[in-house]
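# Show me the folded form of this:
(one chain, ligands or ions: 2)
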Amino acid sequence: MSWFRKLTDGLKKSSSKMTSSLTGLFTSKKIDASSLEELEDALIASDIGPRTAMAIAQDLSKIKFDGEPDADKWRAALAGLLRDKLTAMEKPLITSSDNKPHVILLVGVNGSGKTTTCGKLARKFQDDGKSVMLAAGDTFRAAATEQLQGWGLRTDTPVITGEAGGDAAALAYRAMEQAHENGTDILIIDTAGRLQNRSELMDELAKIHRVIGKFDETAPHDSIIVLDGTVGQNAIAQTKAFQQAAALTGMIITKLDGSAKGGIVIALGDDFGLPLHMVGVGEGADDLQAFNATEYAAALVGILPEEVPQDEADQ
Ligand SMILES: Nc1nc2c(ncn2[C@@H]2O[C@H](COP(=O)(O)OP(=O)(O)OP(=O)(O)O)[C@@H](O)[C@H]2O)c(=O)[nH]1
Ligand SMILES: [Mg+2]
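Ligands and ions are numbered 1, 2, ... in the order given. Modelled structure (predicted):
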């Protein structure tokens with residue numbers, strides 16, 4: 001199945017939520033006050049924040065169409081507005097060979113998809129001809145190390161492990177030394193999931209960050225929060241807390257397959273201005289891809305990327 005098809009299938013719940021209550025609206029020629037409200041509600045229901053939902057609904061109501069608007073034209077126009085909101089977040093995860101190694105730290109709450117994403121990223125970078133090492137920085141659970149080792153086997157990537165219950169920051173440091181010695185291009189560090197309101201765990205994260213910086217003051221080069229795409233607005237609170245503890249540089253959103261809250265991406269972009277490097281729509285190694293604003297906007301309203309208008313003149 002093509003990537004776009006996976007993305008569209010994955011976002012089906014979000015897109016039907018966003019567009020089903022709009023069928024009536026989309027067949028009318030212009031938007032009146034009550035249909036405007038209906039549109040706002042539909043956008044909010046898919047977890048686009050209220051402020052942005054209002055702005056998008058307003059903008060949509062002002063669009064002048066060439067000829068009679070129909071459902072398809074409304075849909076395409078909405079996708080164009082969503083795309084405009086998302087473009088600033090589009091920034092691929094680029095590693096630099098000046099960094100020896102380039103260090104990527106993955107953080108986030110329990111079960112958000114960090115370990116899986118470590119494995120998927122290892123596969124991606126290797127496909128690009130880069131050498132990768134993984135560090136099992138989740139020292140809380142023995143099973144977590146085994147899980148990462150599983151990805152190591154599957155992707156043929158060395159995994160640096162420590163003792164269960166050991167110091168995660170010390171392990172991260174050791175992994176950096178090892179990767180440096182081996183001349184490895186990229187080191188990806190997994191961390192234990194933690195709830196953002198557990199301050200001692202957030203302090204531990206800050207420590208990992210500090211200790212990595214002792215080996216190379218420019219590291220970690222990417223400090224990425226992995227967010228579960230099904231949690232909706234809670235992702236905002238998570239990002240806020242992790243931004244303080246881990247000086248975030250970007251985001252990855254997983255589990256968008258089956259999420260009814262795909263609009264959260266827009267709310268996150270508005271609130272933080274962090275790049276969204278990749279989105280995940282499944283558990284397989286190839287189910288994580290670079291975020292593309294046009295594709296995402298198209299999938300959110302259930303049209304093809306080429307149907308998204310380039311600009312207003314296109315309408
Ligand atoms: N459907 C779907 N499942 C995913 C995706 N990414 C990860 N998962 C699944 O989500 C579950 C949790 O993923 P993990 O990678 O273990 O999450 P984690 O953040 O490492 O969890 P902790 O280490 O417990 O904090 C696993 O069953 C994964 O297979 C995705 O994009 N889509
Ligand atoms: Mg994990």
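# Tell me who's in contact with the residue of the stretch 1-150 of the chain found nearest ligand 2.
Using CB to the ion, the closest approach of the stretch 1-150 of the chain to ligand 2 is made by Thr115 at 3.3 Å. C-betas here are computed from N, CA, C, even on glycine. With contacts defined as CB atoms under 8 Å, 6 or more residues apart in numbering, the neighbours of Thr115 are 138, 144, 147-148, 151, 190.
# Go again with 7 Å.
144, 147-148, 190 (CB atoms under 7 Å, 6 or more residues apart in numbering).
# just the strands in the stretch 51-200 of the chain please.
102-107, 132-137, 159-160, 186-191 (DSSP state E, counting those that start in this stretch).
# by contact count, what packs against the second one?
The reference is to strand 132-137. helix 114-127, helix 142-155, strand 159-160, helix 168-182, strand 186-191 (3 or more CB pairs under 7 Å, 6 or more residues apart in numbering; DSSP states H and E).
# and it, how far from the chain's centre?
20 Å (CA atoms, centre = their mean, to the nearest Å).
# cool, the third one as well?
Taking CA atoms, centre = their mean, one finds strand 159-160 lying 25 Å from the centre of the chain it belongs to.
# what's the answer for the last one, then?
Taking CA atoms, centre = their mean, one finds strand 186-191 lying 17 Å from the centre of the chain it belongs to.
# Any chance you could list what contacts it?
So strand 186-191 is contacted by 95, 101-107, 114-115, 118, 121-122, 125, 130, 132-138, 148, 168, 172, 175-176, 179, 205, 208 (CB under 7 Å, 6+ apart).
# ditto for the first one
Residues outside strand 102-107 that contact it (CB under 7 Å, 6+ apart): 95-96, 114, 117-118, 176, 185-191, 205, 212, 219-226, 242, 246.
# Does ligand 2 have contacts with it?
No - counting by CB under 5 Å from the ion, ligand 2 is not contacted by strand 102-107; separation bottoms out at 8.7 Å.
# residues near Pro50, how many?
12 (other CB atoms under 10 Å).
# and the spatially closest residue to it that is not a sequence neighbour, helix, strand or coil?
Leaving out its chain neighbours, the residue that sits closest to Pro50 by CB to CB, 6 or more residues apart in numbering is Ile44, at 5.6 Å. Assigned state for Ile44: helix (three-state reduction, DSSP: H, G, I helix; E, B strand; the rest coil).
# right, and Met176 touches Ile212 too?
Yes - using CB atoms under 7 Å, Met176 is in contact with Ile212, at 6.5 Å.
# how about the residues of this structure near ligand 2?
Residues of the chain lying near ligand 2 (CB under 5 Å from the ion): 114-115, 144.
# domain ranges for the protein?
As assigned by automatic domain parsing, the chain contains the domains 3-89+298-303, 102-292.
# With mean pLDDT added, can I get the ones you listed in CSV?
Below are those laid out as CSV (pLDDT from 0 to 100):
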stretch, mean pLDDT
domain 3-89+298-303, 85
domain 102-292, 94
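# Make CSV from the ones you listed and add distance to Asp311 to it.
Formatted as CSV, the domains of the chain follow (distance: least, CB to CB, whole Å):
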stretch, distance to Asp311
domain 3-89+298-303, 8
domain 102-292, 17
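# Pick the most buried one from those domains.
domain 102-292 (a mean of 20; mean count of other CB atoms under 10 Å).
# Determine how far that one lies from the middle of the whole chain.
11 Å.
# Now do the end-to-end distance for that domain.
24 Å (CA to CA, to the nearest Å).
# quick one: is it near ligand 1?
Yes - residues of domain 102-292 contacting ligand 1 under CB under 6 Å from any ligand atom: 108, 110-116, 138, 144, 193, 254-255, 257, 280-283, 287.
# With adjacent residues omitted, what lies nearest to the closest residue to ligand 1 within the stretch 201-315 of the chain?
Closest residue of the stretch 201-315 of the chain to ligand 1, CB to the nearest ligand atom: Gly280 (3.0 Å). Spatial nearest neighbour of Gly280, chain neighbours left out: Thr254 (3.6 Å); criterion: CB to CB, 6+ apart.
# what does Ile236 give?
Asp271 (5.8 Å).
# where's that neighbour, which helix or strand?
helix 264-272 (DSSP states H and E).
# helices or strands up against that helix?
Against helix 264-272 (3+ CB pairs under 7 Å, 6+ apart) you get helix 50-62, helix 71-86, helix 234-246.
# For the following helix or strand past it, which helices and strands make contact with it?
Sequence order places strand 276-280 as the next helix or strand after helix 264-272, per DSSP H and E. Under the contact definition 3+ CB pairs under 7 Å, 6+ apart, strand 276-280 sits against strand 250-254, strand 288-290.
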